[in-house]
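Engineer: coords please:
(one chain, ligands or ions: 2)
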Amino acid sequence: MNTTYTLPSPAKLNLFLHVNGRRPDGYHELQTLFQFLDYSDTISLTLTDDNKITLATPIDGVAEADNLIVRAAKMLEPLKSNNLGINIAINKVLPMGGGLGGGSSNAATILLALNELWQLKLPLEKLAELGLSLGADVPIFVRGFAAFAEGVGEQLVPAEPAECWYLVSKPEVHISTQEVFQSDDLPRNTKKISAFELNTDHRQNDCEVVVTKHYPEVAKLLATLLEYAPSRMTGTGACIFTACTSEQEACDIQAQLPNNIESFVAKGVNQSPTHSALETLRKNLG
Ligand SMILES: C[C@](O)(CO)[C@H](O)COP(=O)(O)OP(=O)(O)OC[C@H]1O[C@@H](n2ccc(N)nc2=O)[C@H](O)[C@@H]1O
Ligand SMILES: Nc1ncnc2c1ncn2[C@@H]1O[C@H](COP(=O)(O)OP(=O)(O)OP(=O)(O)O)[C@@H](O)[C@H]1O
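Structural biologist: Numbering: from 1, shown residues only. Ligands and ions are numbered 1, 2, ... in the order given. Next comes the predicted model:
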């Protein structure tokens, strides 16, 4: 009963992000190419027999009831038919609110793990559907393959972008996703492309226009990084990824960054590290 299972909860990149229109409910129609990073929070789960969900490691600035880890676990609670509980701990390394999808990733890791540990036997499609109400990026983390996404990000077609090395840099600003999507400056009519036109070189992140206009720090960092290698914002920012030909090149560019810029180097991967670890968890559970 007291075995602890540990799973990675990775970051995602939006290799491009096109805004194609606005729906009547105010949400935006997007086309995006998702890839995972081999850079993750670590979530540890210990089964209990007390029928309770316990978060052992609160996250600074996030109330327990709002924590996507707890919300994901509570969503599955009514679906179990036993007295199992769960004790959850997280080692958070992903910057929050940077466009890396950390909260959605945490929620997806919990959905995937509890589906196994609580023996719920839900298909991935069902977990992705449940997860969408927690965040637009939950389905991609639940499905676990790099993908071209449409809708609000829930219609997924598997894709295989090059698995290159990235330098990911976070300007010292906090950007609200809602603020970006509500901005009058957001281009909202990028022509839809087909899944056969995924070359990232000729693509863009439409949110970059808004963010670089309103946050000069982001514009400045992006301009600096573009001098070294192709660079773009992920999600609604503010993190910027720089595509490098090697780990060494990424580290060399990182060494040039100003001291106040948080950054990390990671490899792009087309299978989520969570899913590789889940296979091991399943074997251990027997
Ligand atoms: C931009 C992406 O990171 C792309 O991967 C995601 O679509 C954002 O997903 P997220 O952070 O989970 O965002 P949500 O919490 O679902 O939405 C925050 C707010 O952004 C706006 N929003 C979000 C997604 C979308 N397709 N259209 C929107 O207009 C809505 O006002 C919403 O209230
Ligand atoms: N487990 C969690 N981890 C991170 N953030 C969480 C979590 N639970 C709730 N949140 C809230 O969600 C907000 C967004 O966090 P997240 O790191 O997912 O943003 P993001 O990377 O910008 O996501 P996206 O790319 O989907 O816009 C945080 O500012 C925090 O208030």
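
Engineer: pull up the distance across stretch 146-155, start to finish.
Structural biologist: Terminal residues of stretch 146-155 are spaced 12 Å apart (CA to CA, to the nearest Å).

Engineer: now do it: distance to the chain's middle.
Structural biologist: Distance, stretch centre to chain centre, for stretch 146-155: 13 Å (CA atoms, centre = their mean, to the nearest Å).

Engineer: equivalent analysis for stretch 80-88, please.
Structural biologist: Distance, stretch centre to chain centre, for stretch 80-88: 26 Å (CA atoms, centre = their mean).

Engineer: now that stretch: buried residues?
Structural biologist: 84-88 (16 or more other CB atoms under 10 Å). Just so you know, the C-beta spots here come from the backbone N, C-alpha and C atoms, and that holds for glycine as well.

Engineer: could I get those as CSV with secondary structure?
Structural biologist: Output for the buried residues of stretch 80-88, formatted as CSV (DSSP: H, G, I helix; E, B strand; the rest coil):
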residue, secondary structure
Leu84, coil
Gly85, strand
Ile86, strand
Asn87, strand
Ile88, strand
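
Engineer: who in the protein is up against ligand 2?
Structural biologist: Residues of the chain lying close to ligand 2 by CB under 6 Å from any ligand atom are 59, 62, 66-69, 96-104, 106, 135, 137, 177, 235-236.

Engineer: let's see that with 8 Å instead.
Structural biologist: 11-12, 14, 41, 59, 61-62, 66-69, 71, 90, 92, 94-107, 135-137, 174-175, 177, 234-237, 239 (CB under 8 Å from any ligand atom).

Engineer: coming back round to it: wait, which of the buried residues of stretch 80-88 is closest to ligand 1?
Structural biologist: Nearest to ligand 1 among those, counting by CB to the nearest ligand atom, is Ile88 at 20.3 Å.

Engineer: the closest one contacts Ser44, doesn't it?
Structural biologist: Yes. Counting by CB atoms under 8 Å, Ser44 is a contact partner of Ile88 at 7.2 Å.

Engineer: same for the host helix or strand of Gln248, what does it pack against?
Structural biologist: Following DSSP states H and E, one finds Gln248 within helix 247-254. In terms of contacts (3 or more CB pairs under 8 Å, 6 or more residues apart in numbering; DSSP states H and E), helix 247-254 is packed against strand 165-170, strand 240-244, strand 262-269.

Engineer: out of those, which comes closest to Gly144?
Structural biologist: strand 262-269 (10.3 Å; CB to CB).

Engineer: quick check on the nearest residue to Leu79 once chain neighbours are set aside: phi, psi?
Structural biologist: Spatial nearest neighbour of Leu79, excluding adjacent residues (CB to CB, 6 or more residues apart in numbering): Leu120 at 5.5 Å. With angles defined as degrees, to the nearest 10, Leu120 sits at phi -80, psi -30.
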